[in-house]
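A.B. asks: Give me a 3D structure for the following:
(2 chains)
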2 protein chains.
Amino acid sequence: MSSSALNTQLADQIINSISDVIGPGPAGLHEPKFHGNEWLYLKECLDTTYVSSVGSFVEQFENDLVRYTGAKYAISVINGTAALHIALLLAGVKKDDEVLIPDLTFVATANAVAYCNAVPHFVDSEERTLGIDTAKLRDYLNKNTEKKAGFCVNKITGRIIRTLVPMHTFGHPVDIEGCLSIAKDFNLTLVEDAAESLGSFYQEQHTGTFGLLGILSFNGNKTITSGGGGAILTNDSSLAKHAKHLTTTARTMHDWEYRHNEVGYNYRLPNLNAALGCAQLEQLPLKLKIKRELTDRYRKAFSLVSGVKLVSEPANCFSNYWLQALLLDKEDIEQRDFILAKTNEAGFMTRPVWTLMHELEPFKNNPKMDVKCAISLSKRLINFPSNSIIREVGSA
Amino acid sequence: MSSSALNTQLADQIINSISDVIGPGPAGLHEPKFHGNEWLYLKECLDTTYVSSVGSFVEQFENDLVRYTGAKYAISVINGTAALHIALLLAGVKKDDEVLIPDLTFVATANAVAYCNAVPHFVDSEERTLGIDTAKLRDYLNKNTEKKAGFCVNKITGRIIRTLVPMHTFGHPVDIEGCLSIAKDFNLTLVEDAAESLGSFYQEQHTGTFGLLGILSFNGNKTITSGGGGAILTNDSSLAKHAKHLTTTARTMHDWEYRHNEVGYNYRLPNLNAALGCAQLEQLPLKLKIKRELTDRYRKAFSLVSGVKLVSEPANCFSNYWLQALLLDKEDIEQRDFILAKTNEAGFMTRPVWTLMHELEPFKNNPKMDVKCAISLSKRLINFPSNSIIREVGSA
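C.D. replies: Residues are numbered from 1 along each chain as shown, chains lettered A, B, ... in the order given. This next block holds a predicted model:
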C-alpha cells in the first residue's frame, strides 16, 4: 500500500476504535460533568453571600484535599500556574537561577519559572512514563554541573541550578524516586507539577506529595474542576503557612490594620470556586473508576490496531488516566497530522502534545540537554476523547 | 472635658449616627447582595458544563462592561491585581523603571509594579479627592526629573519614570484631568487604577477610561462582585488584543497546536465567575442608587457631629460611594484607635485606611515625594458600614 493509503487505513482504524468505545461523536477531549452537590454548594454561597475571600468552602476544600492526597497541608489558589509560581518561590528559586523542567510539558511550567525571573532548563523525557528520564538526567548533571559552595552550578552558564520540577504527564506518574534521588545528590529542591495527576499514585502515595512542595490544578479540562483553581501541597508547616501568606497579599493580621510584610500575590481561591471544587472532589473516586473503565475499553479496541499503542500507566503506579494518549510507532508528522485532521473531521477531538518548550519563542535560547526522546514523543503523541464514556454510563 | 471624655463623646456620637441610619448592628463594611439573576446564570454554567475557560458569560460580561463604562474594549481577568499587572506591562513598564503611584492606596497597586520588576515611586494625595495631588506632583517632577532622549528621568536614581497610576480612592474620582496633563507633559503613560470606582464618573465619563489603560475589580468587597474578578479597559484595539493574548497564556491560535509566542499569564476569568459578574452588573444602577441614598442619610446624621466630616464626591464628579469614610479633624492616632475600638465593639465594622505604601517593609526604601497629606489622611480616615441600608430597603 502507498504511504497515503496506509495513513488513511490507520486513521480509519483509530476513528472506528474510538467510536466502538464511546459511540458516535462529537466528543471533546475532556468535558467536566456535574452530577453531585455542585448546585447545592453554589446556591449556599449565594444564600450566605460568601462568594469571594470569606467563606467556609475554601477551608473545607483544603481539608478535603489533605484527606484525599495524604499531604499534611493544602493551600488552595486561583489556578495551577499560580500554585507553581508560589511553590517555586518557596522552594528558594531566585532571580537568574536555573530550574530543571521537562521539555515536554504545558507552557505553565516554564512560565512559572519565568515569573521568578529564573531560567527554565529543559530535560528529556522517557517513553515509559512520558516524564523526566532520570537516568539520562543524572548522567547529564554529572557531566555538566559542578558543586560550588554546596550548590549545583551549571558549568556552561555559571548559574545555580536550584530546583527540579518533574511533571506527571497526562496523569501518569513520573519516576519520582529517581527524581528524589537526583534532587538529594545534586542539592536541588523538588517541586512536583501534579497539575494533571490528581488521583494518580506512585506506589500507593499520591503524586504531588513527594517533593518539598507539589501543585494541583482544577481547570475546566482537569479530572475535577473548580472553574479555575489550583492547590499547593506540602508536608512542611512553615512552608504551608508562608504559602497561605504569600497567596493572600502577605497581610500581617490585626483586627483592622492593613500591613503587608513582603511583596504578596492575590492568588486566593474564591469561595464560589472552592464550593464547586468540594462538590467535584466528592465525586473523584467515581470519576476515576469510570476513567479506568474507559481505558480498559480503549485498550481492547486499540489492541487490534497496528502502528499505534495506547499509553498506559507505568509499573507500580496508579494513573488517573486524565488524558488518553496514543503513541504512533512512526515519527511521521505527515501521518500524525493526517490522523489529527481525520479524527477531528469525524467529530472526535484529538490533538498532538504541546509544542516542546525549547521550540517556543520565549524559551528558544534556554539551556537544555539533548532532548531526543521528547522530540520523538512530540511527533508521535495524539490525545483523544478521555471522558466521553461518562455520558453512556450516565453516573458521574 | 478631658481628652478621654471628648474621645468617648465623639465615639458615641459616631455610633449613634451610624445606628440612626442603618439600625442596630452588626454590620460589615461592605457585604455583597444577590437579588438578581445570579442563581439563574450560575445554574446555566452547571447545566451547560461551561464553568471554566469556555462559555458565553465571559464575552457577555466584557460586552456589558463596554456598554456600561463606555470603554471601547474590556478584557475580563481573574482579579484587579492581575488586571493591573498586565495593564502596566502593556503601558510599557520595564525592569528597573519607576512608576508613580499614590502613597495612599491598597497594596495591590504597588505589588503589580513589583511584578514588572519595576519600582513604585510614591506620590502625595490631596484631601479634596483622597487621590493624587496633581499640583504638588507637577511641581515635584519639575524639580526632580529631567528629560533625556524623550524620557522622564529621576535625577536622583537615574531611572526612567515610565508610568503614572492614579487611583480613585473609595470610589471618589481623582483629578484625572490634572493627571492626564502631567502624563502628557512628562511623557508618561497613564494607567488608571479604578479597582474601587466602577460606577464613578469624572464629569460624565466613567473612571478607568481616561488613561491608555484602566482596570476594575470585582472582588467580594466591591460594589459588584464576581467572586474574584477584574477587567482591563482600553480604547486601543491592539492593546486590547494583546491584553487578551497575554492573559490567556499567549497562545497563538491553531485548531490543535499549542504554541505560545511570549511569556504569558493564566489570568483568564472563569465562565462561572463571569456569570456571577453579569448578574451583578445588571443590578449596578440600583446598587448605586441605594449607595447614594445611604450617603444622603449619613450626611444628615453626621452634620450634627463636630470633630469629623463625611467624605464626599469632588465637584463635577459622580461617585459610587463604594466605601464610606469619615475624616477626623485631628491627627490623633489615640483618638482614631479609640473610635475604631468602640465602633467595632458596638457591632459596626470600621477600619482605618491602608498603611501607607512607604511604611510597608517591602517598599520602605522606595523613592517618594514629601507625602505630608497622605500621612495626615492616614491618621484621620475611618471607613464604616457602606451598604447596610440595603438590608432595610431590601431591594438590591
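A.B. asks: Quick one: mean pLDDT over stretch A:245-257.
C.D. replies: Averaging pLDDT along stretch A:245-257 yields 87.
A.B. asks: Start and end of it, how far apart?
C.D. replies: When the termini of stretch A:245-257 are compared using C-alpha to C-alpha, to the nearest Å, they are 16 Å apart.
A.B. asks: How about the contacts made by residue A:354?
C.D. replies: If a contact means C-beta atoms under 8 Å, 6 or more residues apart in numbering or on different chains, then residue A:354 has A:104-107, A:378, B:258 as its contacts. (Each C-beta comes from the backbone N, C-alpha and C, glycine too.)
A.B. asks: Swap in 7 Å and give it another go.
C.D. replies: Contacts for residue A:354 were tallied using C-beta atoms under 7 Å, 6 or more residues apart in numbering or on different chains; they are A:105-107, B:258.
A.B. asks: Strands of the stretch 201-350 of chain A, start to end?
C.D. replies: Taking DSSP state E, counting those that start in this stretch to define them, one finds strands in the stretch 201-350 of chain A at A:201-202, A:205-206, A:213-217, A:230-234, A:251-252, A:259-260, A:308-310, A:317-318, A:324-328.
A.B. asks: Contacts only, for the closest residue to residue A:13 other than its chain neighbours.
C.D. replies: With C-beta to C-beta, 6 or more residues apart in numbering or on different chains as the criterion, residue A:13 has its nearest non-adjacent residue at 4.6 Å, and that residue is residue A:305. For residue A:305, the contact set (C-beta under 7 Å, 6+ apart) comprises A:13-14, A:17.
A.B. asks: For those residues, which single residue is the most surrounded?
C.D. replies: Within those, most neighbours by other C-beta atoms under 10 Å in any protein chain shown means residue A:14, with 25 neighbours.
A.B. asks: Quick check, that one in contact with residue A:338.
C.D. replies: No. Assessed by C-beta atoms under 7 Å, residue A:14 is found out of contact with residue A:338, at 10.6 Å.
A.B. asks: Chain B contacts on the stretch 1-150 of chain A?
C.D. replies: Residues of the stretch 1-150 of chain A lying near chain B by C-beta under 7 Å from any C-beta of the partner chain: A:31-34, A:38-39, A:42-43, A:46, A:49, A:51-54, A:78-79, A:81, A:107-108, A:111, A:114, A:117.
A.B. asks: Contacts for stretch A:229-246, please.
C.D. replies: A:65, A:69, A:71-80, A:82-83, A:86-87, A:89-90, A:208-209, A:212-218, A:264-265, A:269, A:273, A:277.
A.B. asks: ugh, wrong one, stretch A:73-80
C.D. replies: A:58, A:61-62, A:65-66, A:83, A:86, A:108, A:195, A:215-217, A:219, A:228-234, A:237, A:240, A:243-244, A:247, A:267-269, A:274, B:78, B:228, B:266.
A.B. asks: I'd like the distance from residue A:64 to chain B, if you could.
C.D. replies: Per C-beta to the nearest C-beta, to the nearest Å, residue A:64 is found 18 Å from chain B.
A.B. asks: got a list of what the closest residue in space to that residue that isn't next to it in sequence touches?
C.D. replies: Sequence neighbours aside, residue A:281 is the residue nearest to residue A:64 in space, at 5.1 Å (criterion: C-beta to C-beta, 6+ apart). Listed by C-beta under 7 Å, 6+ apart, the contact partners of residue A:281 are A:64, A:68, A:224.
A.B. asks: where does chain A have low pLDDT?
C.D. replies: A:255, A:388-396 (pLDDT under 70).
A.B. asks: Could you break it into its assigned domains?
C.D. replies: A:3-33+A:284-393, A:38-282 (automatic domain parsing).
A.B. asks: how many other residues sit next to the residue of the stretch 151-300 of chain A found nearest chain B?
C.D. replies: Shortest the stretch 151-300 of chain A-to-chain B distance, computed as C-beta to the nearest C-beta: residue-wise this is residue A:220, at 2.3 Å. Using other C-beta under 10 Å, residue A:220 is surrounded by 22 other residues.
A.B. asks: How about the contacts made by it?
C.D. replies: A:32, A:227, B:51-54.
A.B. asks: which of these lies closest to residue A:344?
C.D. replies: Nearest to residue A:344 out of the contacts of residue A:220 is residue B:54 (C-beta to C-beta; 16.6 Å).
A.B. asks: and the stretch 201-350 of chain A, which residues reach chain B?
C.D. replies: A:219-220, A:225, A:227-228, A:249, A:255-264, A:266, A:270, A:272-273, A:276, A:340, A:344.
A.B. asks: Can you say which of the residues you listed are buried?
C.D. replies: Buried by 16 or more other C-beta atoms under 10 Å in any protein chain shown: A:219-220, A:225, A:227-228, A:249, A:256, A:258, A:260, A:263-264, A:266, A:270, A:272-273, A:276, A:340, A:344, out of those.
A.B. asks: returning to that earlier point: quick one: which of the contacts of residue A:354 sit in helices?
C.D. replies: Judged by DSSP state H, helices contain the following of the contacts of residue A:354: residue A:107.
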